[in-house]
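**Q** take a look and give me a structure for this.
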Amino acid sequence: MTKLGASLLKPVLAPLILAVLFQAAAYPQVLQADLGSDNPLKQLTLEQLGNIEVTTASKAPEEVWKTPAAIYVITGEDIQRSGVTTIPEALRLAPGVEVARIDGDKWSIGIRGFGSRLARSVLVLIDGRTVYTTLFAGTYWEVQDTMLDDIDRIEVIRGPGGTIWGPNAVNGVINIITRKSKDTHGTLASAGGGNVEQGFANLRHGGGDDKLDYRIYGKGFNRSPQFHSDDRNFDGWQGGQAGFRSDWQKDDRNDYTLQGDIYDQAFGESVQATSYAAPYAQIIDKDAHLSGGNIMGKWVRTQGEGKDIQIQAYYDRANRHEPNLTDLRDTYDVDFLERFRLPGRQQISWGLGLRFTHASNPTLFPGLTFQPSERTDKLYTAFFQDDIAVVENKLTISLGSKLLRTNFSPVQLEPSARVLWTPTSTQTFWTAFTHAVRTPSDVERELFLLGYVGPGPGGLPFLARFNANRNFRSEEMNGYELGYRKLVMKKIYVDIAGFYNHYSDLLSEDITGSPFIEDNPPPIHLILPAEFGNGLVGTTKGVEIAPEWRPTKFWRLRGSYSYLQMDIEKSPGSLDVGTAPGINGSSPKHEILAQSGFDISKNFTLDLDYRYISALPGQMVASYSTGDANFGWRVSQHFRMAISGRNLLQPHHAEDGGDPGPLVQIKRSAYAKLTWQD
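**A** Residues are numbered from 1 along each chain as shown. Have a look, this model is predicted:
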């Protein structure tokens, strides 16, 4: 789309968004259902939506009404009607999830605080396959991709999920669940483009019978850089991905799934590289080359009501060739789960897990080295959970714990206790206590990182060197939660969750000694010794409110408000240089989302979103408000068209300060998409 086209959109759409969303703020809530699609979710009432089965909270199907956790489900229909083109953008639809776009190809994501490029305290899964990397502790969102049309739902757990999922599920769990292949028969093709989404195409074909079903897909995209005040425009992004899924129902008791993906990307980024020789520090704007693939198999044997066995195994290969870093990584993972019932209304779940990750990180710059450059990270886990129905269908107590060990940490426990009370079929009270840990990663235990401070005494170059800390411990959190959800009346639903978390042994940047002169490697220079330590403690507290309202059959409203108070500080005796204020100021205190969905007719839909994000003083980012619009038209039985506008209320705005240099501004954008499906 041209600049002229984008400028024409503003005076037309901005007043419309503001007018409609003013009503959304006064009457917050909506169920987004595409009346033009064949998805059965479109016909569900708010009460029936609470009966949708989710799996992330317990690794077993359970209704939302009966889930003792702050869970939010982003459906495939929500994604389609929102007009988003990436998974991180879709996560904006969930309350309590911080999504900030750093530039054209990177995001900062967090749940209940601690938002960052890699979100080290949030565990991310795709169909149960962990995509968390132990290199820098977190998730590379740019390579977590699939056809959005194939996503059945995204289940977001706000709050700790370590008892079920293990380490690093400290502040939340995001599980992206794709549709079964029996639900994607036929052919789907889509293509489109605009001023930022310059061009994209998707193709999927599926088939099968009552026993064996399959699908294959391929996709490609080209995205432009965002707005740069210094015209560096380093963040162009091109890529492609392909994959398959096959589901075989051998009989009524045995189900098998085999699926896999491969990808290849050119990923523009700006990095700082430091060395012992002049110019000491330099900014490099260059494309990274990212590629890889995965394959996963799963067997589920159902032995009766509440009794089954699941075995899942996957292999993942990741190749990251960045301007200052190379990471070649092979991950092997096996998980076993068994569920069965005991007399006396008890549901037992237990499981075992094993993961090995072999990594190779050859040195590109002397200022960033891993020692040793090749190593194998190991994770061993076991868990046990007992769900006790104290009063059948009314009061349930869940007790359990995860036991884990890594090559960087001793045996640790992640216990949890949860209470669920459902006085009626459409009303839920729940409370929980959980202890969760974020285990050490390669960056704390194996990385040597150099930073240029400036000219020192006598003109010597002054460098700070973070040395590997072989004694770095796990970060720990004790979390307390309280929640309530209710169908207030037939057309109004409300979900409220509050939390208080206490953290200890958080990552700090410690000065470990006085500066000293060093001549090897040459030339002679001044070194300030440092390391990553466990010198921060603190608390977070907040509340999340997510109501829904359907005033009419053709108008649906949804809203959410999230409040977060972070108080992170140095622990007694800490050597931290002062990173706590930056952490406190890198997550928004207030987030507001209002959505309004109209079914103009059977073939026309209009969805309008407004969001407000408060300031991030730690990132030098001001508060901002913006809005999105998505217009859908079912042209015929086989053709659909969509026109989407993103960030419409200003030409560009900053969301995060994660790149070197001036803040990258996220552009106003628009694109059109045409979909054919047989």
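
**Q** now the nearest residue to R253 once chain neighbours are set aside, what's its secondary structure?
**A** Across the structure, with Cβ to Cβ, 6 or more residues apart in numbering as the measure, the residue nearest R253 apart from its sequence neighbours is T302 (5.2 Å). C-betas here are computed from N, CA, C, even on glycine. Each residue gets one of three states, and T302 gets strand by DSSP: H, G, I helix; E, B strand; the rest coil.

**Q** count the residues that sit near T302.
**A** 16 (other Cβ atoms under 10 Å).

**Q** and the pLDDT for it?
**A** Residue-level confidence at T302 comes out at 93, pLDDT.

**Q** what segments of the chain are helices?
**A** 3-26, 46-49, 76-82, 87-90, 162-165, 442-445, 580-584 (DSSP state H).

**Q** wait, S586 touches L616, no?
**A** Yes. Under the criterion of Cβ atoms under 8 Å, S586 is in contact with L616, at a separation of 5.6 Å.

**Q** circling back: report the separation between the residue nearest to R253 and K250.
**A** Note on T302: its distance to K250, by Cβ to Cβ, to the nearest Å, is 11 Å.

**Q** okay, and the helix or strand of the chain with the least pLDDT?
**A** Taking mean pLDDT, DSSP states H and E as the measure, the helices and strands of the chain show their lowest mean at helix 3-26, namely a mean of 36.

**Q** and for the closest residue to S571 other than its chain neighbours, the neighbour number?
**A** If the residues on either side of it in the chain are set aside, S571 comes closest to V537, at 4.5 Å by Cβ to Cβ, 6+ apart. Residues within reach of V537, counting by other Cβ under 10 Å, total 20.

**Q** contacting residues around V537?
**A** Applying Cβ atoms under 8 Å, 6 or more residues apart in numbering to V537 gives the contacts 503-506, 568-571.

**Q** just the closest of those residues to G239, please.
**A** Closest approach between these and G239, by Cβ to Cβ: L506, at 34.3 Å.

**Q** and the residue lying closest to the closest one once chain neighbours are set aside, what are its bridge partners?
**A** For L506, ignoring the flanking residues on the chain, the nearest one in space by Cβ to Cβ, 6+ apart is L536 at 3.8 Å. With DSSP bridges applied, L536 shows beta-bridge pairing to L506, K570.

**Q** could I get the pLDDT score of L536?
**A** You'll see L536 listed with a pLDDT of 98.

**Q** what is the neighbour count of the nearest residue to D145 once chain neighbours are set aside?
**A** What sits nearest to D145 in space, not counting adjacent residues and going by Cβ to Cβ, 6+ apart, is Q241, at 5.4 Å. The tally of other residues near Q241 (other Cβ under 10 Å) stands at 20.

**Q** cool, and A201?
**A** Using other Cβ under 10 Å, the number of residues around A201 comes to 15.

**Q** gap between it and D261?
**A** The separation that A201 has from D261, given Cβ to Cβ, amounts to 17 Å.

**Q** same deal with V300?
**A** 21 Å.
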